[in-house]
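Novice: need a structure here:
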Amino acid sequence: MLKAFRTIITAVFGFICISILIGCGETDNGVSTDLPNGSGYKISLKSSETFIKPKGSVMIHATVYGPGDVLVKDDEEVYFSCDSEGTIEGASEGKAKTLSGVATVVYKGPDSVEKLPVSMAVRIFASYRGAVSSVELVAVSESF
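Specialist: Numbers count the residues shown, from 1 in each chain. Take a look at the predicted model:
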């Protein structure tokens, strides 16, 4: 009975994760965020993949716009973080520098996805001068 309950909960969680990903602006390869409206600084994030297996990696690109929707200059520092296991590489102390308005890092997935039998959500954040954006990936087990 407990296994059936866990299977149902896992299926519901997986459905919720996929629904969220679709709402984030799914592309052919990966997930991207829409550029917010208004003035000030803005960040658009794009991931190279939607799903990540244990020990896998995904490139994360943060395109940063200044007032007037102009790309920021080179060597500006964008801060990256994630809300779960895994690491962000290519960022020194969580910061990556822009080149032509884009800062790129690599998210390395968790060693295993044992907390849930099938999948778990991973959110990657980028911030710059008060602007914040995030993308959500789905970390899946090897059997997915």
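
Novice: for this protein, give me the ranges with low pLDDT.
Specialist: 1-36, 112-118, 144 (pLDDT under 70).

Novice: quick one: the helices in the chain, in order.
Specialist: Along the chain, counting by DSSP state H, helices occupy 2-23.

Novice: in it, which spans are strands?
Specialist: For the chain, strands defined by DSSP state E occupy the ranges 42-47, 51-52, 57-66, 70-71, 77-82, 87-89, 95-97, 102-108, 119-128, 131-140.

Novice: which residues are in contact with the second one?
Specialist: Residues from elsewhere that reach strand 51-52, judged by Cβ atoms under 8 Å, 6 or more residues apart in numbering: 58, 107, 109, 122, 137-140, 144. The way it works is simple: take the backbone N, C-alpha and C, and place the C-beta from them, glycine included.

Novice: that older thread, using a markdown table, lay out the strands of the chain together with mean neighbour count.
Specialist: Shown next, in a markdown table, are those (neighbours: other Cβ atoms under 10 Å):
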| stretch | mean neighbour count |
| --- | --- |
| strand 42-47 | 22 |
| strand 51-52 | 21 |
| strand 57-66 | 21 |
| strand 70-71 | 12 |
| strand 77-82 | 19 |
| strand 87-89 | 15 |
| strand 95-97 | 17 |
| strand 102-108 | 20 |
| strand 119-128 | 20 |
| strand 131-140 | 21 |
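
Novice: can you tell me which two in the contacts of strand 51-52 are farthest apart?
Specialist: 107 and 144 (17.5 Å; Cβ to Cβ).

Novice: on that earlier part again, looking at the contacts of strand 51-52, spot the one nearest residue 94.
Specialist: residue 107 (12.4 Å).
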